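Asker: Sequence below, structure please.
(chains A and B)
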Amino acid sequence: METLQYLGQGFGVALSPNNLITALAGTTLGTIVGLLPGLGPINGVALLIPVAFALGLPPETALILLASVYLGCEYGGRISSILLNIPGEASAVMTTLDGYPLARQGKGGIALSISAWSSFIGGMIATIGVVAFAPLLASWAVSFGPAEYFMLMVFAIVCLAGMAGDKPVKTAIAVLIGLLLSCVGIDANSGVYRFTFGSLGLSDGIQFVVLVLGLFSISEILMLLERTHHGQTAVKASGRMLFNFKEGASVFATNLRSGLLGFIFGILPGAGATLASAVAYMSEKRIAGSDGRFGDGDLRGLAAPETANSASACGSMVPMLTLGIPGSGTTAVMLGALTLYNITPGPLLFQNQPEIVWGLIASLFVANVILIIMNIPMINVFTRILSVPNWTLVPAIAIITSIGVYAVHATTFDLFLMTAIGVFGYVLRKLDFPLSALLLGFILGGMMESNLRRALSISDGNLGILWNSPITLGLWVLVVFMVALPFWRAYRGRRAVPLPDA
Amino acid sequence: MLYHRLFAGCMLLACIGLGITAWGYHAPYSYEPVGPRAYPLMLLMLLGAGALLLVFKPDLETGGETEPKIVPEMLRKILICLALLLALAALFERVGFIVTAALFGFGMARLFGGRWLPSAVLALVLALGLYFLFDRILDVPLPMGVLAALEN
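Answerer: Numbers count the residues shown, from 1 in each chain, chains lettered A, B, ... in the order given. I've put the predicted structure just below:
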């Protein structure tokens, strides 16, 4: 009951006129950002951090802005996957499988509205899950000490690599690079300068906005050089825009199943939306059996990944808010934004600043509702944005990115650093290393080191503290299981005949 | 697999180099048992192990045919793009945002295949528009540089 009361307060925060306008602006902006090539949820959210800061927005409003931009981006990415067959990011790949065929059959409007509806349901299921589980987890996590936190982060990282499917080693390397980058700068405990090579600009570390924008925006601009074509022609979303009751009912069971699945995947640190949408699609395909037309325009094939995707996006807020451990690239950015406001996410956040937590959760509801109301009549406006040619788009993105980077510290050193990081990110991308893993490593790195050192200070250097409590021991078991998973999978893959199109 | 191996080799060398640097990190006064050296060294060791694995088995996770190709034309474009970005960084404060952004925007628009006149118009509009949007409306201060005399 207490939870409901808090939630009511949260709606009070989210529905205040200022925050409502913020959410509306955020979702619109996010949809546009998600549509444009070269900007996705991660750098879209990162670009707004300096702006939110400069505008002097209070922390809860800033968070609402970032969350609504995030949800808007997901929606924008959906438009480009369905009408263009270009997935904006990895988690949208599954959406193109059935979404694009539907658009080709002249059902673009139906596909878009059903995907919006699905992701609305997914978001709702996950938000209810957040309301139910987050306080529980938070009250449990209060008893975590530094050793438990350290092990939890080790688990998150191992989970990321173990669940990465086809490239655990590359994911692990990317995470390690991120962890290492977080060591750059003055060491808070001893005052030693690490990996600064005498540079003043590096002395307080690499700013995470600089890292994110270099890694995602600049490298994406370099990638776009390969396709300097003039705009994109989308399939026209004509005909009926709204799905009818029958179509809605036919995917409802899929929505519920995929939403639950997505939420569970969202809570798992590091697993994230990509895996959730893939698993949801595959299992729905199996459930439908021979009467499904998956792959050439089955509504269920569109509903499943979309529901799972947005459920896991909301679900990943649970570990971020309660434990301070992000489950995806975007929540990693939001965590970075919170720390800029001097807010440390973690179990105590629920006790000390409930208005932030519940305001954010309530604004997830609100943003979902705004998106579904706004997007159906606006689809034609948004699709027109897709025909903007790259030669006008890229200079604008590049200049805005540089403003975002400059705004952090007002030094040009950061602009040079951004370029260098961009080149590095481009090389990593070309060689198929996952950049979001690097980002997660970077965000977790600082916390991981300080928790490890705090734990060992408590035990006076005795490593035993890392496995002496039941919680740490349990986490060790999970870590070992996750490390073994890729090996087991490789072993099974070698023995069994490869599954057809799995 | 040459590039993968090359990259892994470079990473291995970087790990060794950084490891040597990190070995010297020592806190003059220590309040805790771990110190500033252990954690980065541990990461470097793990990273080095990963790099070593990829040096010997570069095709472990590539599926065989994802070797990126280097096309001379692409390389030229990328180098121009980098030169533009570096010029932007170098001139940002010295010459000021508006002039730098206009020049940079023009260069980028041309690089991405825009024609002369539309690119010039776009660059001017972007430079002025973004200056007013960020500096005046959103309160993100941007350097005026050579145009400082015109201010007010």
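
Asker: low-confidence ranges in chain B?
Answerer: B:61-69, B:151-152 (pLDDT under 70).

Asker: Same check on the stretch 351-500 of chain A?
Answerer: Ranges of the stretch 351-500 of chain A meeting pLDDT under 70: A:376, A:494-500.

Asker: ranges for the helices of it?
Answerer: With helices called from DSSP state H, counting those that start in this stretch, the stretch 351-500 of chain A shows them at A:354-385, A:390-409, A:413-430, A:435-458, A:470-495.

Asker: can stretch A:434-450 be found next to chain B?
Answerer: Yes: using Cβ under 8 Å from any Cβ of the partner chain, stretch A:434-450 reaches chain B at A:E449. Heads up, the C-betas are built off the backbone N, CA and C, glycines and all.

Asker: show me what contacts B:G107?
Answerer: Going by Cβ atoms under 8 Å, 6 or more residues apart in numbering or on different chains, B:G107 touches B:I80, B:L84, B:A87.

Asker: Just the buried ones from these?
Answerer: Buried by 16 or more other Cβ atoms under 10 Å in any protein chain shown: B:L84, out of these.

Asker: ok, so of the contacts of B:G107, who is nearest A:A126?
Answerer: The shortest approach to A:A126 among these belongs to B:L84, at 42.4 Å (Cβ to Cβ).

Asker: secondary structure class for that closest one?
Answerer: helix (DSSP: H, G, I helix; E, B strand; the rest coil).

Asker: Could you see whether chain B lies near whichever helix or strand A:L179 is part of?
Answerer: Element membership for A:L179, per DSSP states H and E: helix A:168-181. Yes: judged by Cβ under 8 Å from any Cβ, helix A:168-181 and chain B are in contact via A:P168, A:V169, A:K170, A:A172, A:I173, A:L176, A:I177, A:L179, A:L180.

Asker: Export these to JSON lines and append columns for neighbour count and distance to A:S457.
Answerer: Conversion of the residues of helix A:168-181 next to chain B to JSON lines gives the following (neighbours: other Cβ atoms under 10 Å in any protein chain shown; distance: Cβ to Cβ, whole Å):
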{"residue": "A:P168", "neighbour count": "23", "distance to A:S457": "33"}
{"residue": "A:V169", "neighbour count": "18", "distance to A:S457": "33"}
{"residue": "A:K170", "neighbour count": "23", "distance to A:S457": "34"}
{"residue": "A:A172", "neighbour count": "25", "distance to A:S457": "28"}
{"residue": "A:I173", "neighbour count": "27", "distance to A:S457": "30"}
{"residue": "A:L176", "neighbour count": "28", "distance to A:S457": "24"}
{"residue": "A:I177", "neighbour count": "23", "distance to A:S457": "27"}
{"residue": "A:L179", "neighbour count": "27", "distance to A:S457": "20"}
{"residue": "A:L180", "neighbour count": "25", "distance to A:S457": "22"}
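
Asker: Using neighbour counts, pick out the buried residues of the top helix by length along chain B.
Answerer: Longest helix of chain B, by residue count under DSSP state H: helix B:2-23. Neighbour counts over helix B:2-23 (16+ other Cβ under 10 Å) mark B:H4, B:F7, B:A8, B:M11, B:L12, B:A14, B:C15, B:L18, B:G19, B:A22 as buried.

Asker: Near chain A, list only the ones from the residues you listed.
Answerer: B:H4, B:F7, B:M11, B:L18, B:A22.

Asker: these two touch, right, the third one and B:A51?
Answerer: Yes: taking contacts as Cβ atoms under 8 Å, B:M11 lies within contact range of B:A51: 4.2 Å.

Asker: what touches both of these two?
Answerer: With Cβ under 8 Å, 6+ apart as the test, B:M11 and B:A51 both reach A:I173.

Asker: Show the pLDDT at A:Y70.
Answerer: Per-residue pLDDT puts A:Y70 at 82.

Asker: Tell me which residues touch it, please.
Answerer: A:G30, A:P41, A:G44, A:V45, A:A313, A:T330, A:M334.

Asker: Show only the entries of the residues you listed found in helices.
Answerer: Short answer: those in helices (DSSP H) are A:G30, A:P41, A:G44, A:V45, A:A313, A:T330, A:M334.

Asker: Give the helix, strand or coil label for A:T196.
Answerer: coil.

Asker: how near is it to B:A22?
Answerer: 12 Å (Cβ to Cβ, to the nearest Å).

Asker: now do A:E355
Answerer: The value you get for A:E355 to B:A22, if Cβ to Cβ is used, is 43 Å.

Asker: same question, B:P28
Answerer: From B:P28 to B:A22 the distance is 17 Å (Cβ to Cβ).

Asker: And A:I471, by the same measure?
Answerer: 31 Å.

Asker: Could you do A:L466 as well?
Answerer: Distance from A:L466 to B:A22, by Cβ to Cβ: 22 Å.

Asker: which residues in chain B form helices?
Answerer: B:2-23, B:38-56, B:72-91, B:97-111, B:116-131.

Asker: closest one to A:T411 among the ones you listed?
Answerer: helix B:72-91 (10.2 Å).

Asker: now that closest one against helix B:97-111, angle please.
Answerer: Angle, helix B:72-91 to helix B:97-111, by axes from the mean of the first three to the mean of the last three Cα atoms, to 10 degrees: 180 degrees.

Asker: so who does residue 116 touch?
Answerer: You didn't pick a chain, so chain A it is. A:Y75, A:R78, A:L371, A:I372, A:N375, A:I376.

Asker: my question was about chain B
Answerer: B:R110.

Asker: Enumerate every residue touching the closest residue to chain B within the stretch 1-150 of chain A.
Answerer: At 4.6 Å from chain B, A:A54 is the closest residue in the stretch 1-150 of chain A, using Cβ to the nearest Cβ. Contact partners of A:A54, counting by Cβ under 8 Å, 6+ apart, are A:A407, B:L138, B:D139, B:V140.

Asker: Please convert the residues you listed to JSON lines, extending it with neighbour count and distance to A:L20.
Answerer: Shown next, in JSON lines, are these (neighbours: other Cβ under 10 Å; distance: Cβ to Cβ, whole Å):
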{"residue": "A:A407", "neighbour count": "22", "distance to A:L20": "26"}
{"residue": "B:L138", "neighbour count": "16", "distance to A:L20": "20"}
{"residue": "B:D139", "neighbour count": "13", "distance to A:L20": "22"}
{"residue": "B:V140", "neighbour count": "20", "distance to A:L20": "24"}
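
Asker: from these, which single one is nearest A:S459?
Answerer: A:A407 (42.5 Å).

Asker: How about the secondary structure of the nearest residue to the closest one once chain neighbours are set aside?
Answerer: Among residues not flanking A:A407 along the chain, A:P50 sits closest, at 3.7 Å (Cβ to Cβ, 6 or more residues apart in numbering or on different chains). Three-state assignment for A:P50 (three-state DSSP): helix.

Asker: Can you tell me how far B:G113 is from A:V394?
Answerer: Relative to A:V394, and taking Cβ to Cβ, B:G113 is found at 10 Å.

Asker: Neighbour count: these two, which is higher?
Answerer: A:V394 (25 against 13; other Cβ atoms under 10 Å in any protein chain shown).

Asker: May I have the residues that are in contact with the more buried one?
Answerer: A:G38, A:I221, A:L224, B:M108, B:A109, B:F112 are the contacts of A:V394 under Cβ under 8 Å, 6+ apart.

Asker: now those residues in CSV, with neighbour count and distance to A:T307?
Answerer: Formatted as CSV, those follow (neighbours: other Cβ under 10 Å; distance: Cβ to Cβ, whole Å):
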residue, neighbour count, distance to A:T307
A:G38, 22, 27
A:I221, 25, 33
A:L224, 18, 31
B:M108, 30, 39
B:A109, 27, 40
B:F112, 24, 37
